[in-house]
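[1] any chance you can model this:
(one chain, ligands or ions: 1)
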Amino acid sequence: MTATTHERTAFADLIAQLGAELSDGHLDDDRDHRFRADKWRRLGEVGLFGLPFPTEYGGAGLDIAETVSVLRSLGEHCLDAGLVFSATTQLASTGTPLARFGSAELKERYLPGVCAGELIGAHAITESGGGSDALAMRTTARRDGDDYVLSGAKAYVSNGPIADVIVVYAKTGSGATALSPFLVPTDAAGVVRGAPISKMGLRTSPMCELFLDDVRVPAGHLLGYEGGGLLVLDYVMKREILYSFAATVGQMAGRLERVIGHANSREQFGAPIAANQAVSHRIADLKIGYETSRMWLEHTAAALTGHQDVALDIAITKLVASEAAVASASAAVQLFGGAGYMSEYGVEKELRDNVAATIYSGSSEIQRDRLAALLGLRTRKTGR
Ligand SMILES: Cc1cc2nc3c(=O)[nH]c(=O)nc-3n(C[C@H](O)[C@H](O)[C@H](O)COP(=O)(O)OP(=O)(O)OC[C@H]3O[C@@H](n4cnc5c(N)ncnc54)[C@H](O)[C@@H]3O)c2cc1C
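    Numbers count the residues shown, from 1 in each chain. Modelled structure (predicted):
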């Protein structure tokens, strides 16, 4: 069963109406690196964490393109970009591999809680010695009777400090079948979380290191089959990019409106600053960056919904949207002048939040490497 058109439109409208509530106190929370559990619960109440998951597990049964359109609305109306990042992390990191690769038993046990937001999820891939090159990870999982035993250390786990379950990618072999993902409850013996990591932006989305000291999980917590981790990671990353950058595209739309409002109302030399072509042309470029990103996002979401091969489209979408977002946030600081630089207006925060977009989910350099390889260029094979 899937959601009706009426329900789908209602989702996006509801998210738009919740904008003020979800943005409440976001500048203070950013300053204090504070995650807002009350706002998270609100997102859970309206069903955001279950958008693309089957209704029998408490999801809304939306397809990828529909999910992307609701997340665009969230990005546009919620100024707490860290909260939005944590929410898209929940959708991509945990619900996505669990719904697709989890056993019936595992789904019954965990997916309803993940869809409701009562269980917070994260994923742990990156390590101090292996970021872009995910296959360089050193965390291992060895089979021991009916269990797997995980050992290693992970870096930069978004949602890590608040997570109830973390999808941990570990080595179970070598080469193309090196990796396997496991759903690890954070109350399992041997799971230790580092102190929250302070960040440049997205500060309301908590992050930590994760240490696994001979953590024992039942073999049924393996997602997919042993050695199938690269397949799972590819499936997850495509959706992570679409969900996360849907919100980023929404943020660009909201920012464009604010920039236009400012350029038309702020007067210098007896005229609105918009009267200067140096200003109006820069805003025209923001529109181009936003529309190009939106079109690539919608095109790729529709293609993936239609089960087409989107390897090239995903890399282009990620590159275009992340680089346009950084450019638009940087332009906004300039166009707001001194106010753009001062914390109290929140414009500089948007730049700090957006800079991460060209790093996570495969950096710009890695996406260009992908494109080069897909074009048939004789490149070195690189990671995510
Ligand atoms: C806000 C944020 C949230 C994150 N959340 C998570 C999370 O929840 N879970 C998780 O596992 N990880 C997470 N990460 C980590 C993220 O996935 C990595 O930071 C990213 O993959 C880059 O890895 P690295 O930091 O080790 O950098 P490196 O891989 O060391 O890269 C450093 C620089 O070298 C460049 N580079 C590397 N290899 C090549 C190459 N072959 N060709 C050209 N240039 C290259 C990179 O593009 C980059 O500019 C998060 C990161 C950020 C910023």
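[2] wait, Arg352 touches Gly82, no?
    No. Applying CB atoms under 8 Å as the test, Arg352 and Gly82 come out as separate, 10.3 Å apart. All C-beta atoms are positioned from the backbone trio N, CA, C, and that covers glycine.
[3] higher neighbour count, these two?
    Using other CB atoms under 10 Å as the criterion, Arg352 and Gly82 rank with Gly82 on top: 25 against 17.
[4] I'd guess that one is in a strand, am I close?
    No. Looking at Gly82 with DSSP: H, G, I helix; E, B strand; the rest coil, it is helix, so not inside a strand.
[5] show the contacting residues for it.
    Residues counted as contacts of Gly82 (CB atoms under 8 Å, 6 or more residues apart in numbering) are Asp29, Asp30, Phe35, Gly201, Leu202, Arg203, Thr204, Ser205, Asp353.
[6] out of those residues, which one sits closest to Gly117?
    Using CB to CB, Phe35 is the member of the contacts of Gly82 that sits closest to Gly117, with 12.7 Å.
[7] so that closest one, which state does it fall into?
    Three-state call for Phe35 (three-state DSSP): coil.
[8] what sits against it?
    Phe35 is in contact with Asp29, Gly82, Leu83, Ser86, Pro161, Ile162, Thr204, Ser205, Pro206, counting by CB under 8 Å, 6+ apart.
[9] tabulate the residues you listed (JSON lines), appending secondary structure.
    Listed next are the contacts of Phe35 as JSON lines, based on three-state DSSP:
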{"residue": "Asp29", "secondary structure": "helix"}
{"residue": "Gly82", "secondary structure": "helix"}
{"residue": "Leu83", "secondary structure": "helix"}
{"residue": "Ser86", "secondary structure": "helix"}
{"residue": "Pro161", "secondary structure": "helix"}
{"residue": "Ile162", "secondary structure": "helix"}
{"residue": "Thr204", "secondary structure": "coil"}
{"residue": "Ser205", "secondary structure": "coil"}
{"residue": "Pro206", "secondary structure": "coil"}
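[10] among those residues, name the buried ones.
    Buried subset of those (neighbour count, 16 or more other CB atoms under 10 Å): Asp29, Gly82, Leu83, Ser86, Pro161, Ile162, Thr204, Ser205, Pro206.
[11] I figured the first one hits Asp38, correct?
    No. The criterion here is CB under 8 Å, and Asp29 misses it with Asp38 at 10.9 Å.
[12] who touches both of those two?
    Common neighbours of Asp29 and Asp38 (CB under 8 Å, 6+ apart) do not exist.
[13] what's the end-to-end length of stretch 332-342?
    The first and last residues of stretch 332-342 sit 12 Å apart, counting by CA to CA, to the nearest Å.
[14] buried ones in it, by neighbour count?
    Under the neighbour-count criterion of 16+ other CB under 10 Å, stretch 332-342 has Ala332, Val333, Leu335, Phe336, Gly340 buried.
[15] show the pLDDT at Thr2.
    Thr2 is assigned 50 on the pLDDT scale.
[16] ditto for His221
    98.
[17] next one: Gly175
    pLDDT, Gly175: 84.
[18] what does the stretch 1-150 of the chain put close to the ligand?
    When proximity is defined by CB under 6 Å from any ligand atom, the stretch 1-150 of the chain lies next to the ligand at Thr89, Ala122, His123, Ala124, Ile125, Thr126, Gly131, Ser132.
[19] got the contact list for the residue of the stretch 51-200 of the chain found nearest the ligand?
    At 1.7 Å from the ligand, Gly131 is the closest residue in the stretch 51-200 of the chain, using CB to the nearest ligand atom. Residues near Gly131 by CB under 8 Å, 6+ apart: Ala155.
[20] now do the helix or strand harbouring Val149: which elements does it pack against?
    Under the criterion of DSSP states H and E, Val149 resides in strand 147-158. Packing contacts for strand 147-158, counted by 3 or more CB pairs under 8 Å, 6 or more residues apart in numbering; DSSP states H and E, involve helix 81-89, strand 121-124, strand 140-144, strand 165-171, strand 179-185, strand 207-218.
[21] the bottom helix or strand of this protein by mean pLDDT?
    In the chain, no helix or strand scores lower on mean pLDDT, DSSP states H and E than helix 5-17, which sits at a mean of 77.
[22] before we move on, the earlier item: just the buried ones from the residues of the stretch 1-150 of the chain next to the ligand?
    Neighbour counting with 16+ other CB under 10 Å marks Thr89, Ala122, His123, Ala124, Ile125, Thr126, Gly131 as buried within those.
[23] from those, pick the one nearest Gly270.
    Using CB to CB, these come closest to Gly270 at Thr89, 48.2 Å.
[24] setting aside sequence neighbours, what's the nearest residue to that closest one?
    Excluding the flanking residues, the one nearest Thr89 by CB to CB, 6 or more residues apart in numbering is Ser158, at 4.8 Å.
[25] and if you look at Gly130?
    Counting by CB to CB, 6+ apart, Gly130 lies nearest to Ala136, which is 3.4 Å off, once chain neighbours are set aside.
[26] from Ala178, how far off is that neighbour?
    Distance, Ala136 to Ala178, by CB to CB, to the nearest Å: 10 Å.
[27] more neighbours: which of those two?
    Ranked by neighbour count (other CB under 10 Å), Ala136 and Ala178 place Ala178 first, with 17 against 12.
[28] who's in contact with stretch 315-331?
    Outside stretch 315-331, the residues that touch it by CB under 8 Å, 6+ apart are 241-242, 245, 248-249, 251-252, 255-256, 259, 282-283, 285-286, 289-290, 292-293, 296-297, 299-300, 347, 350-351, 353-355, 357-358, 361-362, 364, 367-368, 370-371, 374.
[29] which of those are buried?
    Buried subset of the contacts of stretch 315-331 (neighbour count, 16+ other CB under 10 Å): 241-242, 245, 248-249, 251-252, 255-256, 259, 282-283, 286, 289-290, 293, 296-297, 300, 347, 350-351, 353-355, 357-358, 361-362, 364, 367, 370-371.
[30] okay, angle between the strand holding Val149 and strand 140-144 too, please.
    Per axes from the mean of the first three to the mean of the last three CA atoms, to 10 degrees, the angle that strand 147-158 makes with strand 140-144 is 160 degrees.
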